[in-house]
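Chemist: Curious how this folds, go ahead:
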Amino acid sequence: MSAMGPITGEDGLARCPWGAAAGPMRDYHDSEWGMPVHGESAYLERMTLEAFQSGLSWAVILAKRPGFRTAFAGFDAEVIADFEEPDVERLLGDAGIVRNRRKIEATIANARATVDLRADGGLEAFIRGFAAEDAEPPVTAADWPSSTPESTALSKALKKRGFAFVGPTTLYALLQALGLPDPHLAGCHRRGAA
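Modeler: You can find the predicted model right below:
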């Protein structure tokens, strides 16, 4: 990770380096990243997209996001939980998503685990229970760790509940995306926006 701090764009606004250039990444940075969302499907979507992003570029995932939403029934956990092998085969042929059997199967397992988690308050409350306190804001991109004690604890807890593809690094990216805590660099115009 580069030691780069915020970059000021042609519009005069400073942003985290990965969201500095005009286009979908900047749009995501400015409107969604680090912002709270609510509801089971919103949490399941973000968890799924972070898992599919593992080993790939976030730009690829953003470009395919509409396809993911269609393929996974708007991230309705009950619908996905009923997917079986023919659905996996159908999804493996869907060019609108990243076609990775392990990640598709993990999404189905995670939907089933999400439904089961409703009895204990639901996915949103469960994940929010692992939010870190906002500390000193990161100054450069090098200050973003690959995982945190909170993401490691969340990973272990979710795995015990039957979730898959939820390693500490993936879950740290999820916590950042959800603003748990605010991930924006000091000096970024979005710092504190949530």
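Chemist: how about the strands in this protein?
Modeler: 7-8, 14-15 (DSSP state E).
Chemist: May I have the strands that pair with the last one, each with its orientation?
Modeler: Taking DSSP bridges as the criterion, strand 14-15 sits next to strand 7-8 (antiparallel) in its sheet.
Chemist: contacting residues around the strand it pairs with?
Modeler: 14, 15, 17, 20 (C-beta atoms under 8 Å, 6 or more residues apart in numbering). (C-beta placed from N, C-alpha, C; glycine too.)
Chemist: ditto for stretch 101-114
Modeler: Contacts of stretch 101-114 (C-beta under 8 Å, 6+ apart): 40, 44, 47-48, 51-52, 54, 72, 77-81, 83, 87-88, 91-92, 122-123, 158, 161-166.
Chemist: Averaged pLDDT, the longest helix belonging to the chain. What do you get?
Modeler: If each helix of the chain is counted by residues according to DSSP state H, the longest one is helix 101-117. On average, the pLDDT along helix 101-117 is 98.
Chemist: ok, residue 60 - how many residues close by?
Modeler: Counted with other C-beta atoms under 10 Å, the neighbours of residue 60 add up to 12.
Chemist: Please report how far the nearest residue to it once chain neighbours are set aside lies from residue 130.
Modeler: Counting by C-beta to C-beta, 6 or more residues apart in numbering, residue 60 lies nearest to residue 98, which is 7.1 Å off, once chain neighbours are set aside. Distance from residue 98 to residue 130, counting by C-beta to C-beta, to the nearest Å: 26 Å.
Chemist: still on that earlier bit, next, give me the two most distant ones among the contacts of strand 7-8.
Modeler: Pairwise distances across these (C-beta to C-beta) peak at 10.1 Å, for the pair 14 and 17.
Chemist: joint contacts of the two?
Modeler: Joint contacts of residue 14 and residue 17 (C-beta under 8 Å, 6+ apart) are 6, 7.
Chemist: these two touch, right, residue 193 and residue 34?
Modeler: Yes: at 7.1 Å, residue 193 and residue 34 qualify as touching, with contact defined as C-beta atoms under 8 Å.
Chemist: list residues touching both of these two?
Modeler: By the contact definition C-beta under 8 Å, 6+ apart, residue 193 and residue 34 are jointly contacted by residue 184.
Chemist: The two: which is more packed in?
Modeler: residue 34 (22 against 14).
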